[in-house]
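>>> turn this into a structure:
(chains A and B)
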There are 2 protein chains.
Amino acid sequence: MEKTGKRALGRPATITAPRETILTHAARLFAEKGFEGASLQDVAKAVGISKAAVYHYFPTKQVIYDEIVIDLLSRLREHVQAEIEGTAPFNDRLRQMMVAHASFFEANYESFVTLLHGFGGLSRTLAPGQVSVRDEYETMIRGLMTDASASGELVMADPAIAARAVLSMLNWMARWYRPGGRLAARDFAEEYFQLIYNGLRPR
Amino acid sequence: MEKTGKRALGRPATITAPRETILTHAARLFAEKGFEGASLQDVAKAVGISKAAVYHYFPTKQVIYDEIVIDLLSRLREHVQAEIEGTAPFNDRLRQMMVAHASFFEANYESFVTLLHGFGGLSRTLAPGQVSVRDEYETMIRGLMTDASASGELVMADPAIAARAVLSMLNWMARWYRPGGRLAARDFAEEYFQLIYNGLRPR
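Numbers count the residues shown, from 1 in each chain, chains lettered A, B, ... in the order given. From the prediction side, this is the model:
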């Protein structure tokens, strides 16, 4: 390898698996600083290559972002598919699916944050005043579950987790629900309620 | 009212409830174009006032964003609290809570998108290649639920909605889960599974 100290523009990087390495570092930086906040220069620095070397693999930052998302979703599907293949009965398959998804999420935390927080990344956290209002609401829901658990109306291992499940279903609507369809948001809420309520009734 | 055609900088707008009106239009624009994509000029134009008049009420775009979030969360809590007050037994309270939350979400759709999509707004939709990978995964989960429903292992009104509930709980983790805590992501998945599975078993 030459030691000229000067690298030709766009020359391939001399690191192993450069594409994957660039994606991994970019995902971490997007998660930390958001898409706008992290520059290609930051990515190059984190990988330990020149910005030109990054351009050799990815023409724009947007392409890196899109690549992270595609890569993540494809691997998630393959991972979960492999985990549930051949598993029966159904309850084992559902359990395997949910646990495999969560484990994959944990192992690819930065990429998921990039994908699911949107462009803001973790840098776009709530301001203190916002956090306290949100906490008040969560406390209210948790109180509801704790009361039901204490009175024996519902049976649950951990009221806080049950409350989180309820809020997750409702909050996630902002990602997929579009007004004006056949079912209103409240119709979905009714179905979710049945699901949770039946799941927690004593038997 | 003078008709000079020229407005003093920062002069109060001559519209009713200017703060609320500005917030409403800003929420819609942030939802459509993202925080970066929507300028204060866009907001002013949508409201029908000058940019200086917007500055009279809000010093920066960030302040408007923060105000939307605080306002939204406070009203959500008040709305849901009022709906469940005095309601008993618990199952009615939980149902009321979930439906009230969903209805409030529907009525304040743009603000929720601003809050929960983060800075990207709806403009940051997935690229076509990303959508197809995501759809493949969702189809797999839906297939799992449909099989269980067809075989009678689980009882559900709509397998697609049950699949959505599962994915909502898992996906929402990216918003609140932080690695390194007492429970791993898979521990939460196990609890969620119990909840869903018990909820859907025939009785």
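
>>> nearest residue to the residue positioned nearest the centre of chain A in space, ignoring adjacent ones along the chain?
For chain A, residue A:112 is the residue whose C-alpha lies nearest the centre (CA atoms, centre = their mean; 3.2 Å). Take residue A:112 and drop its neighbours on the chain: the residue closest to it by CB to CB, 6 or more residues apart in numbering or on different chains is residue B:174, 4.6 Å away. C-beta: built from backbone N, CA, C; applies to glycine.

>>> that older thread, per-residue pLDDT of the residue nearest to the centre of chain A, please?
Per-residue pLDDT puts residue A:112 at 76.

>>> could you chop chain A up by domain?
Listed by automatic domain parsing, the domain ranges of chain A are A:18-120, A:128-200.

>>> residue B:156 is nearest to which of these?
For residue B:156, the closest of the domains of chain A is domain A:128-200, at 7.6 Å, according to CB to CB.

>>> now the residue nearest to residue A:15 when sequence neighbours are not counted: how far from chain B?
Leaving aside its sequence neighbours, residue A:15 sits nearest to residue A:21 (CB to CB, 6+ apart; 5.9 Å). Per CB to the nearest CB, to the nearest Å, residue A:21 is found 21 Å from chain B.

>>> which secondary structure elements does the lowest-mean-pLDDT helix or strand in chain A contact?
Least confident helix or strand, chain A: helix A:109-116 with a mean of 74, by mean pLDDT, DSSP states H and E. Where contact means 3 or more CB pairs under 8 Å, 6 or more residues apart in numbering or on different chains; DSSP states H and E, helix A:109-116 is packed against helix A:18-37, helix A:61-84, helix B:173-176.

>>> count of residues packed around residue A:144?
By the criterion of other CB atoms under 10 Å in any protein chain shown, residue A:144 has 22 neighbours.

>>> which strand or helix spans it?
In the assignment (DSSP states H and E), residue A:144 maps to helix A:128-151.

>>> kindly export that helix (C-alpha atoms) in CSV.
What follows is helix A:128-151, C-alpha atoms only, in CSV (Å, rounded to 0.1, in the frame of the first residue of the first chain):
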residue,chain,number,x,y,z
PRO,A,128,-38.5,19.8,30.2
GLY,A,129,-42.0,21.4,30.3
GLN,A,130,-43.1,19.0,27.6
VAL,A,131,-41.7,16.0,29.5
SER,A,132,-43.7,16.9,32.7
VAL,A,133,-47.0,17.2,30.8
ARG,A,134,-46.3,13.9,29.1
ASP,A,135,-45.4,12.3,32.4
GLU,A,136,-48.6,13.5,34.0
TYR,A,137,-50.6,11.8,31.3
GLU,A,138,-48.6,8.6,31.6
THR,A,139,-49.1,8.6,35.3
MET,A,140,-52.8,8.9,34.9
ILE,A,141,-53.0,5.9,32.6
ARG,A,142,-50.7,3.9,34.9
GLY,A,143,-52.9,4.8,37.8
LEU,A,144,-55.9,3.4,36.0
MET,A,145,-54.1,0.1,35.5
THR,A,146,-52.8,0.0,39.0
ASP,A,147,-56.3,0.5,40.4
ALA,A,148,-57.7,-2.2,38.3
SER,A,149,-54.9,-4.5,39.4
ALA,A,150,-55.4,-3.7,43.0
SER,A,151,-59.1,-4.3,42.9
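
>>> coming back round to it: correct me, but the residue nearest to the centre of chain A touches residue A:75?
No: Residue A:112 is beyond contact range of residue A:75, at 11.3 Å (criterion: CB atoms under 8 Å).

>>> common neighbours of the two, please.
The contact sets of residue A:112 and residue A:75 do not overlap (CB atoms under 8 Å, 6 or more residues apart in numbering or on different chains).

>>> and stretch A:19-31, how far from the chain's centre?
Its chain's average C-alpha position is 15 Å from that of stretch A:19-31, according to CA atoms, centre = their mean, to the nearest Å.
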